[in-house]
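A.B. asks: I'd like to go over a predicted model; first the sequence, then the structure.
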Amino acid sequence: MEKKVEDVIICIDTSRSMFRKDFQPNRLEAVKKGVRYFIERKRDIDSNDRIALISFSSEAKIVYELSNDHAFLMDALEGLQISGTTGLGEGIAVANQLFVKEIQMLGEKLNRIIVISDGKPFASTISPMKALATSKKIRAIIDTVGISELGISYGDSILDKLATKTGGEYSRVFETESLVQTMEGLAEKKEIPYSKSKKMDNNEILAEIAGDLFRPTDLAETQEQLVRLFSGKDKEKCIICFSETCPICHGPFYSCGRYCSNCKSPMHVHCAAEWAAQSKVGTVNTFRCPRCFFLLKVPESIHKLKQITASSKSRVRQETNVESARFMFITRPNEEMESSICPICHFIFSEPPAYLCSSCNTYYHKKCLQEWMDKGNNYCRVCGKKIQL
């Protein structure tokens, strides 16, 4: 067994439910007290251990980056305020990305995440379990503290699952004194089986940790919101080109629009691809959100299509270099088709017939695809693969 220098990221739920007064004076203030005891105990155990603070509600934010300056950590902790709803997945995802800033040291230190929450991730657009899978790949241990999880069985607690699957500890507390004791206990160093440290491939880690861009259909809470966007009543402007119309495909926002999975800022996927190519963060598909700096990735299919368009003016060269994709003829309506947008005309589907690309799951109007191919375009407009009917 060995004990390493630890980097600990404390993720604190600052959603409105943390204002409840079953802890005195409220849940958030009780958590602040517990974290203060944690910081003091950590300082006494090993002053080389570093601590970072992240708050999460509707959006996750880095309150203070990894540091062993305990006085500044205390000041940052006091500034936490309540707002929004619980985005647990975003909190863990930002913690994962904060570790990546120390990418050369992955494997040399023990990475720990401590999540303090009431355990109800109602507002997470990033799945907590998907963020957990990434934590496991960078070998981070997640300890969780459930604040007054009344009525939730241990087996049903998302916090319990996060801890169990990473070798961490799950604690459930119902008053301030037990919260303080729990946090003091978590300050102790973790003992881990001895193993020769392995450094991980930087680009592999960045690609794994980068968040997905969300489609409008992923974020819309009601069908009415989608209709308003598709009809042009609600207009979104890309934070990269500052326009509603995409400068690459010339379609309206709903045709290629995406959203940052952390701060929900809108951007055209084609603008994001150009931004990623110029940013040089890891691979050509990864970039940081211009607003919140959350690490994101452009779908591989967009990058492939960009390569095809840029490098080959000859249709013959495209045909010899591009893989083919089977296009399936759809004759029956389905929910996925009805919420999709044709990449040729940029309109939604009212009814079949349609074609579905088996590679990227993009739906085309039958007439639009025929006109597209009549112009000599024999490749999918989204994934770039050769059309096979």
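C.D. replies: Received it, and whenever you're ready, just let me know what you need. Numbering: from 1, shown residues only.
A.B. asks: make it CA atoms for all contacts and neighbour counts henceforth
C.D. replies: Noted.
A.B. asks: Okay, helices next: where are they in the stretch 51-200 of the chain?
C.D. replies: When secondary structure is read from DSSP state H, counting those that start in this stretch, the stretch 51-200 of the chain shows helices at 70-78, 88-100, 128-137, 158-164, 176-186.
A.B. asks: Let me have those in TSV, adding mean pLDDT and mean neighbour count as columns.
C.D. replies: Written out in TSV, the entries for the helices of the stretch 51-200 of the chain read as follows (pLDDT from 0 to 100; neighbours: other Cα atoms under 10 Å):
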stretch	mean pLDDT	mean neighbour count
helix 70-78	95	15
helix 88-100	87	26
helix 128-137	87	18
helix 158-164	91	22
helix 176-186	95	18
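A.B. asks: among these, which is nearest residue 214?
C.D. replies: Checking the helices of the stretch 51-200 of the chain against residue 214 by Cα to Cα gives helix 88-100 as the closest, at 13.4 Å.
A.B. asks: list the helices and strands that closest one packs on?
C.D. replies: When contacts are defined as 3 or more Cα pairs under 8 Å, 6 or more residues apart in numbering; DSSP states H and E, helix 88-100 sits against strand 6-13, strand 50-56, strand 60-67, strand 110-117, helix 128-137, helix 202-209.
A.B. asks: and the angle for that helix with strand 110-117?
C.D. replies: Counting by axes from the mean of the first three to the mean of the last three Cα atoms, to 10 degrees, helix 88-100 points 160 degrees away from the direction of strand 110-117.
A.B. asks: rewinding a little: let's have the helices of the stretch 51-200 of the chain in CSV, adding distance to residue 359.
C.D. replies: Formatted as CSV, the entries for the helices of the stretch 51-200 of the chain read as follows, by distance: least, Cα to Cα, whole Å:
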stretch, distance to residue 359
helix 70-78, 48
helix 88-100, 28
helix 128-137, 23
helix 158-164, 33
helix 176-186, 47
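A.B. asks: Which of the ones you listed sits closest to residue 302?
C.D. replies: Judged by Cα to Cα, the one of the helices of the stretch 51-200 of the chain that comes nearest to residue 302 is helix 128-137, at 22.5 Å.
A.B. asks: Residues touching the closest one, excluding its own?
C.D. replies: If you take Cα atoms under 8 Å, 6 or more residues apart in numbering as the criterion, helix 128-137 is touched by 88, 89, 90, 92, 93, 96, 121, 141, 162, 166, 208, 209.
A.B. asks: Tell me who's in contact with the fourth one.
C.D. replies: Okay, so that is residue 92. So residue 92 contacts 11, 113, 115, 128, 131, 132 (Cα under 8 Å, 6+ apart).
A.B. asks: Kindly recompute the last result at 10 Å.
C.D. replies: 9-11, 54, 56, 60, 98, 113-115, 126-132, 134-135, 142, 162 (Cα atoms under 10 Å, 6 or more residues apart in numbering).
A.B. asks: Residue 161 versus that one, what's the distance?
C.D. replies: Relative to residue 161, residue 92 is positioned 13 Å away (Cα to Cα, to the nearest Å).
A.B. asks: Next, show the common contact partners of these two.
C.D. replies: Contact criterion Cα under 10 Å, 6+ apart; residues bridging residue 92 and residue 161 by contacting each: 128, 129, 132, 142.
A.B. asks: and the gap between the second one and residue 30?
C.D. replies: In this case it means residue 129. According to Cα to Cα, residue 129 stands 27 Å off from residue 30.
A.B. asks: Next: the first one.
C.D. replies: From residue 128 across to residue 30, the span is 24 Å (Cα to Cα).
A.B. asks: do the same with the last one
C.D. replies: Per Cα to Cα, residue 142 is found 21 Å from residue 30.
A.B. asks: More neighbours: the two, which one.
C.D. replies: Between residue 142 and residue 30, counting by other Cα atoms under 10 Å, residue 142 is the more crowded of the two (29 against 21).
A.B. asks: Now do the contacts for the more buried one.
C.D. replies: For residue 142, the contact set (Cα under 10 Å, 6+ apart) comprises 8-10, 92, 111-115, 132, 135-136, 159-170.
A.B. asks: Please name the nearest non-neighbouring residue to it.
C.D. replies: Counting by Cα to Cα, 6 or more residues apart in numbering, the nearest residue to residue 142 once its immediate chain neighbours are dropped is residue 113, at 4.7 Å.
A.B. asks: mind listing what that neighbour touches?
C.D. replies: Residue 113 makes contact with 7-11, 51-53, 92, 95-96, 99, 135, 140-144, 163, 168 under the criterion Cα under 10 Å, 6+ apart.
A.B. asks: circling back to that earlier point, make TSV from the helices and strands packed on helix 88-100 and add distance to residue 283 to it.
C.D. replies: What follows is these, written out as TSV (distance: least, Cα to Cα, whole Å):
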stretch	distance to residue 283
strand 6-13	26
strand 50-56	26
strand 60-67	24
strand 110-117	24
helix 128-137	17
helix 202-209	6
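A.B. asks: Please identify which of these is closest to residue 340.
C.D. replies: When the helices and strands packed on helix 88-100 are ranked by proximity to residue 340 (Cα to Cα), helix 128-137 comes first, at 24.3 Å.
A.B. asks: Report the angle between the closest one and helix 88-100.
C.D. replies: Per the same axes, to 10 degrees, the angle that helix 128-137 makes with helix 88-100 is 20 degrees.
A.B. asks: Dump the C-alpha coordinates for helix 128-137 into CSV.
C.D. replies: As requested, the backbone C-alpha atoms of helix 128-137 are provided in CSV (Å, rounded to 0.1, in the frame of the first residue of the first chain):
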residue,chain,number,x,y,z
PRO,A,128,-23.6,11.9,-13.9
MET,A,129,-22.9,8.3,-14.9
LYS,A,130,-21.2,9.4,-18.1
ALA,A,131,-19.0,11.8,-16.1
LEU,A,132,-18.3,8.9,-13.7
ALA,A,133,-17.0,6.8,-16.5
THR,A,134,-14.5,9.5,-17.4
SER,A,135,-13.4,9.8,-13.8
LYS,A,136,-12.7,6.1,-13.7
LYS,A,137,-10.5,6.4,-16.9
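A.B. asks: Fine, thanks again, bye for now.
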